[in-house]
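> any chance you could fold what I've pasted below:
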Amino acid sequence: MRKRLLATSLAALIAATSLAGCGSKTEKVDTATTAAEATEAATTKADDGAKTASGDKVSLNICWWGNQTRNDVTKKAADLYMSKNPNVEIKVEFTDWGGYWDKLSAMAAGGNLPDIIQMDYSYLNQYQKSGQLANLSEFISSGIIDTSKIPASIIESGSIDGNCYALSLGSNAPLMVYDKAIVEKAGVTIPEQMTYDELYDISKTIYEKTGVKTVYDGWINMLQMTARANGSHIFDELMAGKEDSTKIHFANVEKFQKAEFSIAPDILVEKNPDNIETKPIVDETTWNDFPYSNQFISLSNAAGRELEVTMNPVLTKDSQNMYLKPSQFFSIAETSKNKEEAAKFIDWFTNSVECNEILMAERGIPVNTEVADAIKPKVDAVAQKVFDYVAKVAEIAVPIDAPDPAGKGEVEALTKSVVEAIRYGDTTADEAAASFVPEAKKILEEAAK
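Numbering: from 1, shown residues only. Below is the predicted model of the structure:
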């Protein structure tokens with residue numbers, strides 16, 4: 001057997017979209033306020049709100065997953081906050097996505113979660129149900145976290161049973177990114193949204209004309225997108241023991257992998273597509289990739305050349321799988337001894353124009369509508385593509401799936417293992433579906449106990 005690399009486990013601003021979850025009330029926006037006054041007021045309020053109630057030294061630990069671009073801008077923002085609040089010390093920890101959740105799980109088990117946790121929509125239920133996350137609603141109600149310029153749907157996206165446990169840091173959408181020069185050299189036109197069959201045909205032409213290969217995302221994100229295009233929710237199917245969307249997805253993985261134009265599985269493992277800096281599109285091993293919109297800036301920086309965006313493929317022209325989601329959240333650990341100070345930092349991070357002039361939408365389109373309006377004219381051409389793309393997705397987006405259930409991380413690792421077996425030719429798509437679905441069902445049932 002070959003060695004395997006097994007993984008471990010806004011348009012809503014521009015047009016407020018309905019994201020899943022139960023809501024907390026937000027204050028009504030004063031439409032009579034001018035943009036200039038609102039921007040100044042938001043910055044002043046955020047900076048004033050960041051000040052601690054006493055002169056005592058406060059230490060805050062912040063943990064996030066990310067890449068070099070995110071690390072650089074977040075550290076710079078934290079430095080600015082400390083300069084404005086000299087009695088606050090911020091200690092940062094970060095890693096890439098692949099190791100983040102194992103690290104966070106170990107910290108939770110040891111009772112030493114950081115004060116501020118970067119949280120993902122797919123893990124929110126799991127951490128909230130285990131009592132690891134503080135209720136942010138009290139800080140929203142008191143005004144420590146100002147949500148008056150944040151659409152209610154954004155607050156709802158981080159809420160469970162009427163209480164908010166996570167504040168979104170940006171609006172985000174899945175996408176396919178491609179190399180503009182390679183596509184132009186091949187003489188093909190990329191549709192605004194193609195079917196899986198069209199992607200196959202375009203990939204074949206690009207390889208014939210340029211010799212550049214294609215990557216087809218076999219991991220759980222594409223499995224979820226396939227289920228959505230199939231009018232379903234993958235975790236509902238798995239809990240019911242249904243193979244419908246899993247069979248379609250694994251068949252696509254097998255079909256693309258057998259094609260001469262697809263990147264070899266051992267090269268894909270070597271490239272580690274979970275890491276922005278090493279994705280195969282970065283060095284032109286492939287002409288395409290399937291990140292999220294908030295990763296586009298970092299991916300473009302890593303590639304150092306012009307990349308373009310289009311929507312994820314669908315089963316047929318009549319199906320739709322696109323949605324808007326929180327790019328990620330900030331949550332506060334229930335074990336934090338400095339919850340109020342952590343809330344003040346989150347308020348500043350979300351509502352300060354000055355802070356977001358550093359971040360420049362790296363985590364997604366800012367959720368504060370006035371902050372988004374303030375920084376949009378200042379972003380470069382790469383970031384502008386993200387603003388425009390999210391606005392375009394908002395026009396056709398269908399509601400996001402409910403937050404993923406407990407056990408999602410194990411199912412994700414299982415998906416990678418099974419997809420690798422398909423790619424190496426150790427199993428067929430049908431055989432893989434027949435073994436994967438009952439095993440995933442068992443994982444989800446055990447996790448729900």
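> enumerate every residue touching the residue nearest to the spatial centre of the chain.
Nearest to the mean C-alpha position of the chain, counting by Cα atoms, centre = their mean, stands residue 327 at 4.0 Å. With contacts defined as Cβ atoms under 8 Å, 6 or more residues apart in numbering, residue 327 is in contact with 168, 169, 170, 171, 172, 292, 293, 294, 363, 364. Every C-beta, even on glycine, is put in place using the N, C-alpha and C of the backbone.
> could you pull out the strands for the chain?
Assigned strands in the chain, in chain order: 58-65, 88-95, 116-119, 159-160, 163-164, 167-168, 171-172, 176-179, 288-289, 307-310, 325-326, 329-332 (criterion: DSSP state E).
> how near is residue 349 to residue 122?
Shown here: residue 349 relative to residue 122, a distance of 22 Å by Cβ to Cβ, to the nearest Å.
> neighbour-wise, which of those two wins?
Using other Cβ atoms under 10 Å as the criterion, residue 349 and residue 122 rank with residue 349 on top: 24 against 20.
> that one contacts residue 355, correct?
Yes - between residue 349 and residue 355 a contact is recorded at 5.8 Å, counting by Cβ atoms under 8 Å.
> between these two, what contacts are shared?
Counting by Cβ under 8 Å, 6+ apart, the residues touching both residue 349 and residue 355 are 77, 81.
> coming back round to it: return the member of the contacts of residue 327 nearest to residue 433.
Of all the contacts of residue 327, residue 292 has the smallest distance to residue 433: 26.1 Å, by Cβ to Cβ.
> ok, now which ones touch that closest one?
172, 173, 174, 175, 327.
> ok, which pair from these is furthest apart?
Across the contacts of residue 292 (Cβ to Cβ), the longest gap, 12.3 Å, separates 175 and 327.
> name the residues contacting each of these two.
With Cβ under 8 Å, 6+ apart, residue 175 and residue 327 have common neighbours 292, 293.
> now do the helices in the stretch 101-250 of the chain.
Per DSSP state H, counting those that start in this stretch, the stretch 101-250 of the chain carries helices over the ranges 124-129, 137-142, 152-157, 180-186, 196-210, 220-229, 234-239, 244-258.
> picking that back up, of the contacts of residue 292, buried ones?
The neighbour-count test (16 or more other Cβ atoms under 10 Å) marks 172, 173, 174, 175, 327 as buried among the contacts of residue 292.
> nearest to residue 441 among those residues?
Closest to residue 441, out of all of the buried ones among the contacts of residue 292 and judged by Cβ to Cβ, is residue 174, at 25.1 Å.
> what pLDDT does residue 2 get?
Note on residue 2: pLDDT of 39.
> and the protein, what are its domains?
Taking automatic domain parsing as the reference, the chain has its domains at 35-170+326-387, 176-323+402-448.
> looking at the ones you listed, which is nearest to residue 396?
domain 176-323+402-448 (6.0 Å).
> and the residue lying closest to residue 347 once chain neighbours are set aside, how far from residue 110?
Closest residue to residue 347 apart from its sequence neighbours, by Cβ to Cβ, 6 or more residues apart in numbering: residue 145 at 4.6 Å. Going from residue 145 to residue 110 by Cβ to Cβ gives 28 Å.
> cool, and residue 61?
13 Å.
> higher neighbour count, the two?
Set residue 61 next to residue 110 and count neighbours by other Cβ under 10 Å: residue 61 wins out with 20 against 8.
> what residues does the nearest residue to that one once chain neighbours are set aside make contact with?
With Cβ to Cβ, 6+ apart as the criterion, residue 61 has its nearest non-adjacent residue at 3.7 Å, and that residue is residue 114. Applying Cβ under 8 Å, 6+ apart, we find residue 114 in contact with 61, 62, 63, 93, 107, 333.
> correct me if wrong: residue 245 contacts residue 235.
No - when contacts are counted by Cβ under 8 Å, residue 245 is not listed as touching residue 235 (10.6 Å).
> beta partners for the spatially closest residue to residue 135 that is not a sequence neighbour?
Counting by Cβ to Cβ, 6+ apart, residue 135 lies nearest to residue 163, which is 4.9 Å off, once chain neighbours are set aside. Beta bridges link residue 163 to residue 160, judged by DSSP bridges.
> next, count neighbours for residue 163.
17.
> ok, now the one 4 residues further on?
In terms of burial, residue 167 registers 28 neighbours under the definition other Cβ under 10 Å.
> again, but for residue 431
Here the number of neighbours of residue 431 (other Cβ under 10 Å) works out to 14.
> give me every residue that touches it.
By Cβ under 8 Å, 6+ apart, residue 431 has no neighbours at all.
> cutoff 10 Å now
250, 418, 421, 422 (Cβ atoms under 10 Å, 6 or more residues apart in numbering).
> out of those, who has the most neighbours?
residue 250 (27 neighbours).
> you'd agree residue 80 is up against residue 356?
No - counting by Cβ atoms under 10 Å, residue 80 sits too far from residue 356 to count as a contact (11.1 Å).
> burial count for the closest residue to residue 66 other than its chain neighbours?
Of all residues not flanking residue 66 in the chain, residue 94 sits nearest, at 5.5 Å (Cβ to Cβ, 6+ apart). By the measure other Cβ under 10 Å, the count of residues near residue 94 is 18.
> who does residue 94 bridge with?
Under the criterion used (DSSP bridges), residue 94 bridges to residue 64.
> hmm, residue 134 is touching residue 342, no?
Yes - assessed by Cβ under 10 Å, residue 134 is found in contact with residue 342 at 8.1 Å.
> neighbour-wise, which of these two wins?
Between residue 134 and residue 342, counted using other Cβ under 10 Å, residue 342 has the larger neighbour count: 27 against 22.
> winner for burial among the strands of the chain?
strand 171-172 (a mean of 30; mean count of other Cβ atoms under 10 Å).
> list the contacts of that strand.
Contacts of strand 171-172 (Cβ under 10 Å, 6+ apart): 10-14, 17, 19, 121, 151, 153-154, 157, 292-295, 323-328, 361, 363-367, 372, 386-387, 390-391, 393-394.
> from the contacts of residue 292, pick the one nearest residue 306.
residue 175 (15.4 Å).
> can you pull the contacts of the closest one?
Neighbours of residue 175 in contact, by Cβ under 10 Å, 6+ apart: 289-296, 308-312, 322, 385-386, 389-390, 393.
> just give me the neighbour total for the closest residue to residue 182 other than its chain neighbours.
Nearest residue to residue 182, sequence neighbours excluded (Cβ to Cβ, 6+ apart): residue 287, at 4.4 Å. By other Cβ under 10 Å, 29 other residues sit near residue 287.
> could you do residue 240 as well?
Residue 240, neighbours per other Cβ under 10 Å, totals 12.
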